[in-house]
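Asker: sharing a sequence plus its predicted fold:
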Amino acid sequence: MTLNRGEILAVIGSNGAGKTTFVNMVTGYLKPSSGTIHFKGRDITGMGPRDTARAGICRSFQISQIFAQLTVLENLVMADVAASENKGGLSALALTDERIERARHSLGRFGLDAFANRVVGSLPQGVKKQLDIAMAAVTDPAIILLDEPTSGVSVDEKIGMMESVILPLNNEESTVLFIEHDMDIVTRFATRTIAFYEGTILADGATAEVLANDKVRQFVMGGVHA
Amino acid sequence: MMKTDFRREHLYIAILGLLLILGFFLPSWLRFLLQTAIAGGLVSLGVAIQMRAGLVNFGQGLYFCLGGYAVGMLAAKAGITDVAVLLVASIAVSLVAGVLLGLLLSRYREIFYAMLSLAVSMILYGVLVKAAGLGSTDGFNIPPVSYFGWMPERAIRANANYIMTVVLVLAACLATARYLKSGAGMLCEAVAENEIRLAYLGASPRRVVFIAIVVAAALSGLGGGLYGIATQHVDPMMTNWTTSGGFVFVALLAGRGSVIAPVIGFFALELVRTYALDLAPNAWQLVLGTVMLAVILLLPEGLWSLIQKRQRQ
Amino acid sequence: QGGEIHIGVPVFLSGPSAGPFGMPERNAAALLFDALNEGSVPAPYGTIGINGRTIRATYIDEASDAVVEYRNLVQRSGAEVVIGYTSSGNCKSIAPLAEELETLTVLVDCGTPQIFEEVVTDPQFLFRTGAMSTMDAVGAARYLADRGVDMSRVAGINQNYAWGQDNWRDFTAALTALETESGIVSQQFPQLFAGQYGAEVSALLTSTPKVTFTSFWGGDLEAFVLQAAPRGLFARMSILLTCGEALFPGMSADIPEGTIVGARGPFSVFAPDTELARWFAESYAERFGSAPTFPAWKMAQAVLGVKAAYEAAGADATGADAAASFKGLEFEAPGGIIQMAIGNGHQAIQGISYGTYKLVDGRPSVENVISYDAACVNPPNDMTAIGWIEAGFPGATCD
Amino acid sequence: MLEARNLSVSIAGTPILRNAALTIERGTTVGLIGRNGAGKTTFMRTVMGLQKLSSGQLAIQGKYLTEAPAHTRAAMGVGYMPEDRRLIPEFNVEENILLPLYALGQKPDPARLRWVYDLMPEIARFADRKALSLSGGQQKLVALGRALIVGRNLLLLDEPFEGVAPALAQRLIEVIAALRGEGLSVLLSESDHVHSSKLLDRLYVIERGEIERAQLAAA
Amino acid sequence: MLLVTAIVLDGLNYAAWLFLIAVGLTLIYGVMRILNIAHGAFYAIGAYVCASTLGIYYSAGLPDALAFLAMGFAAIIVGLFLGLVMERGILKLLYGRDEVLMVLVTYALFLILEDAVKLIWGVESYFAWQPYAYLGYVEINELPYQIYDLLMIALAIALGIGLWFWLEKSRMGRLTTAVVADREISAALGINVTRIFATTFAIGTIFAVVGGVVTAPKIAVTPGIGVEVIILAFAVVVIGGLGSIPGAAIGAIFAGYARALSVHLAPELELFAIYAVMSLVLAIKPHGLFARAAGRKI
Ligand SMILES: Nc1ncnc2c1ncn2[C@@H]1O[C@H](COP(=O)(O)OP(=O)(O)OP(=O)(O)O)[C@@H](O)[C@H]1O
Ligand SMILES: Nc1ncnc2c1ncn2[C@@H]1O[C@H](COP(=O)(O)OP(=O)(O)OP(=O)(O)O)[C@@H](O)[C@H]1O
Ligand SMILES: [Mg+2]
Ligand SMILES: [Mg+2]
């Protein structure tokens, strides 16, 4: 399969279908047993997470990976520092006004202002998720892969959240891929959808088409939903 | 919440400076205790730096010892007694050791980091015990040192020594504060919290840890050099695990609020120890252990939390 | 004249050295201080206190940072004299400090020759009333040779630290100097306080030496005897324990008879039959319930040396005066006459004896004793210990 | 079955639950609906005894157990499915499910295990896989199975449908609906009653730590 | 041949001793994540208790052969008492704290116990040599070897297998594994976490005390014997992989043979043989030989 620049892509599939595994492979956490992955024409198969991240592929996690004992703002500053590590960032002063400003900006972008100075570990799941995504987005990656961004987020906030996440990320330059179980969200945001089932791709195409696919309806959606 | 409030560091170091200047007028035994304690405090500071990255070094005495022996061997065996050369050597030796060990140790985490660093320091202990030329367990003595060619008279030797120690400890604190404020220093906390995320942000946890190890090594080497010059004696106990355990203890109890916390904490521990020895020569370990336990139970965030709490209110 | 004299006494109060060294030293010091304050020590020490000044003692634990605590003792607690130290490492580290702080300091039991050979070569305030460990090893080699023990195959087991290494080095050098033509078949250096010597005992058994030399002390010595004796090690070879006398009070029934034992000087069973020696051994046993071991004797001679030095310097003597008259002093102690003969008059020499162990009526004693004069087993003033041994004991006068 | 009165909980000085009251009758399914951070998880944890309450009363089967430690509540037949799964990584799936029985010193009950497998056949398929190799959703099912094994009286299900694919969510709804027939009481939380609306006998809405009874919309 | 026999037996003998001490440490770490420095003090107390018990026993004129029973009883009673007092009295207050902090807590306890021992028993040596001498020796390939030492090997094997069986096969063991993984959820599933912790700590302590009790007849019981063993035990445990009983056994065998080989073939290396082995093992297997595989994290 191929991801195109500027696309918004949803990945759906039953539990255990291999969605997370797919993301893990693209981001270098797992090595594929066969096959190759190319990014911008370069073979990135077998690169570790760090190198794929530096190449411009970032991700969020199904179970949020955050710095639990720091505050939300500090998490974002830390992410910014980490992202500039290879640009000589190790010796430069870390806590500059400019950085804090940037972090505050991300806070605003992802609707996290209210929690800026709360220690992350004790925040509700939903907020952790948002922060997780905000951290993934710090580097302005070329591809961002979101693993179930809305799970754990209140239903009435899901849409708002997806808007706040996807709209700022999606521009001509970057591609967004998200794994999702909520078909409302998929329909609303994805331009293209891939359905996984037991490790294989069941369908791939325009969202409406895929969701209308018989097999997808049977194995993924269980007959509900329009 | 981040452990260190970086903006206040300069203030704290200035306060430490002031205290140490006042310390000049203490009775000489107490001033000497202060002098050796702040030298040892640098080693605890080194331990504290690694602790920010979640790593506990139970073998930090290795660098302390290398620093001390570098000074000792140059002064006692090669006859070079100028502090400029001696201390540069002590830092250089421990720095090289830090780089070499850092390459190995930066892969390790948690208890394995602790035990491997302990093992390496104990191997050095074993080598020194075998080194009859260096006095084996007895160690050897270090002659008085000169300062850029000036050899102070016996009467003011202690003063010169104290002043030099204070200046260098303060400089080391400033340098450490600068390091902690840099990307490499700050990311230590990220390593401790979540390496997966750190890697996914494009940073190398291993590199961050490596730098922390090297910085800590240099600090500890300097601490060892200053300690050797102060006590005029070095022996292999400096790299024994019990010594390292003391550094860890101070680093933990002092709290991580400021670079000066371990330095002051070390002095506090030494004071408790020496008074316990004086008042209860037969049960001083019991007193010391009880004090430790009490601090752990009553001040979970370390001694520094007393200061931080006040600020918050 | 009245007044007080404040004496600091650093001895081991904790750790593995507290039992074998700290306790007897502390006991002996307390016994002598009390007796001196009462004036009940036999002649020539029958006068009260030191120059009439009552002794006040501060005991501190040597198992701590020696340099820091020495300063505290002198500068904070205000001790006028310091008598103590057992560990050679501690002795070395405080030696220059004694000179710097100009405090009369008497080292009691540490054995390293380096103190006056290297560390303080121009001493004024520092003294050592105990002989150097060189004497133990040289005496041991001479004893074995004089008794005609088969020394074709020699083994050693010594603790892996400065003391054990020095003793073994001196002993093997002395064997060479005495031209015993010995082959060294095994040299074991177990870790200090290892406690488990099963493998070492096996190694000694498998290498079949005729003689085994050990400078073990304390719990290590006791454990070694307990583990080696039942396996028949003592039955298969001659074993020489330089510190064997220290086993007498606690383990008299467990030392195999025939074992060669020393007391690191003319102490205990090797002590001369003088009034002072009898008084010391009896009052110690009476007060503390067991006979004094060699560290107690060495402490006694340090304390009496200080008294002798002060009183030789005159009624109003300060520490510095006492130090001046201590130099080169000869004084009587329970172990006989002590001569501050070497180290520019700051280092004592003494004779040494060895003998084979025998239980007589359930009481430990020795037979086949040979005693060597101080001048026979100690280097002259102008030579280092190891240089003297390697040169073949020039100037040694043995009967 | 469960009666909570005036429950108040504070964590590190901040009040999280204020005077919360909630009742569940035997054999009924009750929903606790609230947005992120409203206090749903905190409420569940308090019922389970994992969170100390600062005031109020809590009774299960008429027994007051304000102070009783968590494991005694499990012994009373309360099953808890945490929102973040929390399986024991060293165990395989079946061992995870049977763990509560071991814990309470009861014999592994083959009938009940079969009942769980029948309810969720997908679990049976990976019964001998190590728990940590499962995908997020699969772990969720196992956590539910584990709660079912021990929860003979009351089930506390914290966001059971989160991260579950629609097909499976559908099945879960059927499973939970079937429990009512077994006489089980269920408290389930969700951020909105999209999935649970058909299940519920009673609905509570939680907002900033305050619980209020609400009308069932669909009914 | 003689040399080989000696190396084989000495290595095994030392390994058995190390195992007896290390196994309690690894158990406590495995379950409670506490690296218990006070373990060394428990060992020392065991040795003192043995000396005192046997002192009383023999002065009462009781038969030699039954002294072993007295030793066993003393070990269990003292271990149980010490373990429960420490766990219920102090450690309980600190659960959930940082792992490193717990190391220091146990270090503080160690210091306190060391001095307490000194205050109770004084600084002079105690002996309890009778059981060691009583059994006599056998000659194995011409090498005289104490029967007591051979029995210690058997004891180590028996206790090790027993403990391993208990952990792996029993209900208790299963629960223990769960508690290790997730304390809170274990409680919610009906596990009495408090009891598991108290039991584990008590068993670990009993092992330390047993180690001291069986060692006492071979050594002079003096202050400081506890310090020397802790770090050896740590090394053993780390070589094997923390928290693993077979790991502790393998670690003990590695360390035992490292020492036996160096004593017989290169005595000058004895002091750091064990650390060298530990560094080598960790360099090759960073989590020890029997480390648990890490699970999927994301
Ligand atoms: N480390 C592993 N060992 C064994 N099996 C694994 C491992 N990791 C994943 N799997 C299996 O691979 C399959 C795909 O898992 P994956 O996590 O990608 O599913 P998913 O599509 O993300 O599901 P969900 O929606 O439940 O998160 C599952 O059956 C899972 O059990
Ligand atoms: N350990 C803690 N320390 C401080 N605050 C906490 C802690 N745990 C929870 N809180 C706070 O309590 C409130 C309620 O949290 P809770 O997890 O119960 O919410 P929830 O309704 O389950 O949310 P979600 O839908 O995200 O799971 C939140 O505001 C949270 O920040
Ligand atoms: Mg997934
Ligand atoms: Mg929740």
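Answerer: Yes, it's here. Ligands and ions are numbered 1, 2, ... in the order given.
Asker: quick check: phi and psi at the residue in chain C that chain D sits nearest to.
Answerer: Chain C approaches chain D most closely through C:Q196 (35.7 Å), counting by Cβ to the nearest Cβ. Any C-beta I mention is one placed from the backbone N, CA and C, and that applies to glycine too. Per-residue torsions, C:Q196: phi -110, psi 120 (degrees, to the nearest 10).
Asker: isn't it up against E:A220?
Answerer: No - counting by Cβ atoms under 8 Å, C:Q196 does not reach E:A220; the two are 11.9 Å apart.
Asker: which residue does the stretch 1-150 of chain B bring closest to ligand 1?
Answerer: Across the stretch 1-150 of chain B, the shortest distance to ligand 1 (Cβ to the nearest ligand atom) belongs to B:R109, at 20.6 Å.
Asker: that residue: how many residues sit nearby?
Answerer: Applying other Cβ atoms under 10 Å in any protein chain shown, we find 19 residues neighbouring B:R109.
Asker: flag every residue of chain A that's near chain D.
Answerer: Within chain A, the positions near chain D by Cβ under 8 Å from any Cβ of the partner chain are A:12-21, A:62-63, A:122-127, A:148, A:151-157, A:181-183, A:218-225.
Asker: can you tell me the centre-most residue of chain B?
Answerer: Taking Cα atoms, centre = their mean as the criterion, B:V43 is the residue nearest the geometric centre of chain B, at 1.0 Å.
Asker: and for D:M76, the neighbour number?
Answerer: Neighbours of D:M76 (other Cβ under 10 Å): 17.
Asker: how about the closest residue in space to it that isn't next to it in sequence, what does it touch?
Answerer: Excluding the flanking residues, the one nearest D:M76 by Cβ to Cβ, 6 or more residues apart in numbering or on different chains is D:I60, at 5.8 Å. By Cβ atoms under 8 Å, 6 or more residues apart in numbering or on different chains, the contact set of D:I60 is D:1-3, D:47, D:73, D:76, D:78, D:153-154.
Asker: so whatever residue of the stretch 51-200 of chain E ends up closest to chain C is in which element?
Answerer: Closest to chain C within the stretch 51-200 of chain E is E:V123: 3.8 Å, counting by Cβ to the nearest Cβ. Following DSSP states H and E, there is no helix or strand that holds E:V123.
Asker: now the phi/psi pair for it, please.
Answerer: In terms of degrees, to the nearest 10, the main-chain angles of E:V123 are phi -100, psi 0.
Asker: what is the burial count for the nearest residue to it once chain neighbours are set aside?
Answerer: Counting by Cβ to Cβ, 6+ apart, the nearest residue to E:V123 once its immediate chain neighbours are dropped is C:A18, at 3.8 Å. Other residues within reach of C:A18, judged by other Cβ under 10 Å, total 26.
Asker: what do you get for B:V214?
Answerer: A count of nearby residues for B:V214, using other Cβ under 10 Å, gives 22.
Asker: distance check, it against B:A199.
Answerer: For B:V214, the distance to B:A199 equals 21 Å [Cβ to Cβ, to the nearest Å].
Asker: contact partners of the host helix or strand of C:L97?
Answerer: Applying DSSP H and E as the criterion places C:L97 in helix C:88-100. The contact list for helix C:88-100, computed with Cβ under 8 Å, 6+ apart, reads B:135, B:137-141, B:154, B:231-233, B:235, B:237, C:10, C:62, C:66-67, C:70-71, C:82, C:85, C:104-105, C:107, C:110-112, C:114-115, C:119-120, C:123-126, C:128, C:162-163.
Asker: correct me, but B:R256 touches B:A48?
Answerer: Yes - B:R256 lies in contact with B:A48 (Cβ under 8 Å); the separation is 5.9 Å.
Asker: more neighbours, these two?
Answerer: Higher neighbour count among B:R256 and B:A48: B:A48, with 31 against 22, using other Cβ under 10 Å.
Asker: list, one by one, the residues from the stretch 51-200 of chain B near chain A.
Answerer: So far as Cβ under 8 Å from any Cβ goes, the stretch 51-200 of chain B lies against chain A at B:181-187, B:189-190, B:193-194, B:196-200.
Asker: from those, pick the one nearest chain E.
Answerer: Nearest member of those to chain E, counting by Cβ to the nearest Cβ, is B:I196, at 6.2 Å.
Asker: measure how buried that closest one is and give me the count.
Answerer: Using other Cβ under 10 Å, B:I196 has 14 neighbouring residues.
Asker: if we can go back for a sec, how close does the residue of the stretch 51-200 of chain E closest to chain C get to E:D149?
Answerer: 28 Å.
Asker: do the same with E:G240
Answerer: 22 Å.
Asker: equivalent analysis for D:T23, please.
Answerer: Noted for D:T23: a distance of 69 Å to E:D149, by Cβ to Cβ.
Asker: which one's more surrounded, the two?
Answerer: Remark: of D:T23 and E:D149, E:D149 carries more neighbours, 24 against 15, as counted by other Cβ under 10 Å.
Asker: is the helix or strand containing that one up against chain C anywhere?
Answerer: With secondary structure defined by DSSP H and E, E:D149 is part of helix E:147-169. Yes - judged by Cβ under 8 Å from any Cβ, helix E:147-169 comes into contact with chain C at E:D149.
Asker: sec struct for the residue positioned nearest the centre of chain D, please.
Answerer: Closest residue to the average C-alpha location of chain D: D:L156 at 1.9 Å, with Cα atoms, centre = their mean. Secondary structure, DSSP: H, G, I helix; E, B strand; the rest coil: D:L156 is strand.
Asker: where does it land on pLDDT?
Answerer: Looking at D:L156, its pLDDT reads 92.
Asker: for D:G136, see how far away the residue of chain B positioned farthest from its centre is.
Answerer: Of all residues in chain B, B:Y200 has its C-alpha farthest from the mean position, at 33.2 Å, by Cα atoms, centre = their mean. B:Y200 sits 18 Å away from D:G136, going by Cβ to Cβ.
Asker: okay then, goodbye and thanks.
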